[in-house]
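Enquirer: Sequence plus the predicted model coming up.
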Amino acid sequence: MPQSSEPSGLSATHLEVWASVATLLERLPAALDAQLQRDSGLTHFEHGLLFALDTAPERTLRMSTLAGYASSTLSRLSRAISRLEKKGWVRREVDPTDGRVTLAVLTDAGHDAVARSTPAHHALVERLVFEPLTEQQIRQLGTISRRIAEAIDPAATWSPGSRHTSSP
C-alpha cells in the first residue's frame, strides 16, 4: 500500500487556521495573566471569579454555578476560592435554604479588588483583541467564538448580560 507524504486529518487551510487559533490560545491567556499578576496579584482565572461574583445578585453564587461559569472543576475552583479567602476577598457560606450547598460571597474588599483590577485588564483586552480588528471582524469574532463554545458545550455558555442565579 503506498504511503502518502501528507498526514491525514486537517486540510492545509484548516491546519493553517488551527495553528493561528492554537497560538492565540497559548499567547492570549499568558498575556492576560502577566498583566493581572503584575498589576493586581491575580491570575486571569481568579479575576474571572471575582468579576462573576461582582456581577451576581447580592455578589453571591453557588460554588457549582461559579465552577460552571469558569469552566472549572470544583476542586480547582475550591483552591482558587481558598486563595481569595486568604486575601479577604471572598468568603464561603452554607446556603441557608439548602445546607448541602456552599455559596461563594464577594466581600467589600473583593469588590474593591475587582474594581481596581478591571480597568487595566479591560484596556489590555481592548488593545490585544479589539484594536487590531474592524467592527465587522469584532462581530464575526463574537459569532465564531459563540459557535465554537456551543459546539464544545451548549449548556455552558456565559455572557456578561446573562442572568446569574444561585440555583442549579
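Expert: That came through fine.
Enquirer: Rounded mean pLDDT for the longest strand belonging to the chain, please.
Expert: In the chain, taking DSSP state E as the definition, the longest strand is strand 98-106. Strand 98-106 comes out with an average pLDDT of 95.
Enquirer: chain center to the lowest-mean-pLDDT helix or strand in the chain, what's the gap?
Expert: The least trusted helix or strand in the chain, going by mean pLDDT, DSSP states H and E, turns out to be helix 63-69, with a mean of 92. In this view, helix 63-69 has its centroid 11 Å away from the chain centroid, taken as C-alpha atoms, centre = their mean, to the nearest Å.
Enquirer: buried sites along that helix?
Expert: By 16 or more other C-beta atoms under 10 Å, the buried positions in helix 63-69 come out as 63, 65-69. Yep, even glycine has a C-beta here, placed from its N, CA and C like the rest.
Enquirer: Could you do stretch 27-41 as well?
Expert: The neighbour-count criterion (16+ other C-beta under 10 Å) identifies 32-33, 35-36, 40 as the buried residues of stretch 27-41.
Enquirer: if you look at the residues you listed, which of them are in helices?
Expert: With helices identified by DSSP state H, the entries of the buried residues of stretch 27-41 that belong to them are 32-33, 35-36, 40.
Enquirer: contacting residues around residue 136?
Expert: Taking C-beta atoms under 8 Å, 6 or more residues apart in numbering as the contact definition, residue 136 lies against nothing.
Enquirer: Within the helices and strands, which one has it?
Expert: Using DSSP states H and E, the element containing residue 136 is helix 135-152.
Enquirer: Extract the C-alpha set from that helix and format it as PDB.
Expert: As requested, C-alpha coordinates have been extracted for helix 135-152 and formatted as PDB (Å, rounded to 0.1, in the frame of the first residue of the first chain):
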ATOM      1  CA  GLU A 135     -16.100  46.400  13.800                       C
ATOM      2  CA  GLN A 136     -17.300  43.800  11.300                       C
ATOM      3  CA  GLN A 137     -14.400  41.500  12.400                       C
ATOM      4  CA  ILE A 138     -15.300  42.000  16.000                       C
ATOM      5  CA  ARG A 139     -18.900  41.000  15.400                       C
ATOM      6  CA  GLN A 140     -17.600  38.000  13.400                       C
ATOM      7  CA  LEU A 141     -15.300  37.000  16.200                       C
ATOM      8  CA  GLY A 142     -18.200  37.100  18.600                       C
ATOM      9  CA  THR A 143     -20.300  34.800  16.400                       C
ATOM     10  CA  ILE A 144     -17.400  32.400  15.700                       C
ATOM     11  CA  SER A 145     -16.500  32.200  19.400                       C
ATOM     12  CA  ARG A 146     -20.100  31.500  20.500                       C
ATOM     13  CA  ARG A 147     -20.400  28.800  17.800                       C
ATOM     14  CA  ILE A 148     -17.200  27.100  18.900                       C
ATOM     15  CA  ALA A 149     -18.200  27.400  22.600                       C
ATOM     16  CA  GLU A 150     -21.600  26.000  21.900                       C
ATOM     17  CA  ALA A 151     -20.100  23.100  19.900                       C
ATOM     18  CA  ILE A 152     -18.000  22.300  23.000                       C
END
